[in-house]
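**Q** Just to be clear, the model below is a prediction. Sequence and coordinates:
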Amino acid sequence: MMHTTIPLPDWLETLNRQSAPFASTRDAMAFVLAAASHNSGDGGGPFAAAVLDANLNLVAVGVNRVVAAQGSILHAEMVALLLAQQRLGSHDLASHGHFTLVTSCAPCAMCLGAIPFSGVQRVVCGARGEDAEAIGFDEGDKPDSWAQKLIDRGIAVELDVARDSAVAVLAEYRERGGVVY
C-alpha cells in the first residue's frame with residue numbers, strides 16, 4: 001500500500017494539543033484567526049479552520065498548505081476535516097456526535113463540496129468569499145445560495161463571525177506579498 005505524507009508545520013501539532021474547551025465559538029474563531037496569521041507568516045496561506053465537538057473542545061485545527069506542500073487540495077478546511085476524521089477514526093464525524101467547523105473564511109467551491117460528506121453539523125465563517133477574492137484568491141464556481149444549500153442539508157451556518165479580524169489576516173498576507181492562487 002502506498003502512503004502519502006502531508007507536511008504540516010511543527011507548531012500546528014502544538015496547537016492540536018489544546019485541551020481546554022473554548023468559552024464560545026467567537027473564542028474559537030480568535031484561535032483560528034491566530035493560526036491563520038501565524039501560517040501566513042510561515043509560508044502557508046492566510047486561512048485556518050478548526051473542528052470542535054459539541055462541548056467546544058478542539059478536535060483538530062488545520063491550516064492552508066497549498067503552496068508550502070505543493071498540493072491544491074490542502075485548504076485549511078480540508079486539512080482540519082482530515083485531521084479530525086483521522087483522530088476519531090472515521091470518515092463520518094456525525095457518527096461520533098455533533099461537530100462544528102470554524103473557518104477563517106467562507107468555504108471555496110472545493111471545501112463547500114466536502115462539508116456535507118464530512119459529517120459536521122455546523123459551519124462558522126469569519127471572512128466572506130468576496131473578501132478572499134478581493135485580494136485575488138479564486139473561490140471557484142459556487143452558488144450564491146451556498147449557505148442555504150448547506151442549511152437545506154441540515155448543516156447550520158453562521159456568517160461574519162469576527163469578519164473584520166478575518167479580513168485583516170487576509171490584508172496582512174497580501175501586504176507580505178503572499179502567493180495568491
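**A** Arrived safely. Please read all numbers here as calculations on a predicted model, not as lab measurements.

**Q** wouldn't residue 63 be in contact with residue 47 here?
**A** Yes: between residue 63 and residue 47 there is a contact at 6.9 Å, judged by C-beta atoms under 8 Å. The C-beta positions use only the backbone N, C-alpha and C, and glycine is treated the same way.

**Q** okay, and the common contacts of those two?
**A** 36, 39, 76 (C-beta atoms under 8 Å, 6 or more residues apart in numbering).

**Q** how far away is the closest residue to residue 67 other than its chain neighbours from residue 66?
**A** Take residue 67 and drop its neighbours on the chain: the residue closest to it by C-beta to C-beta, 6 or more residues apart in numbering is residue 179, 5.0 Å away. Per C-beta to C-beta, to the nearest Å, residue 179 is found 9 Å from residue 66.

**Q** residues bridging contact with these two, i.e. touching both?
**A** Between them, residue 179 and residue 66 share the contacting residues residue 45, judged by C-beta under 8 Å, 6+ apart.

**Q** out of these two, which sits in the more crowded spot?
**A** Set residue 179 next to residue 66 and count neighbours by other C-beta atoms under 10 Å: residue 66 wins out with 19 against 12.

**Q** helix, strand or coil for that one?
**A** Following DSSP: H, G, I helix; E, B strand; the rest coil, residue 66 is assigned to coil.
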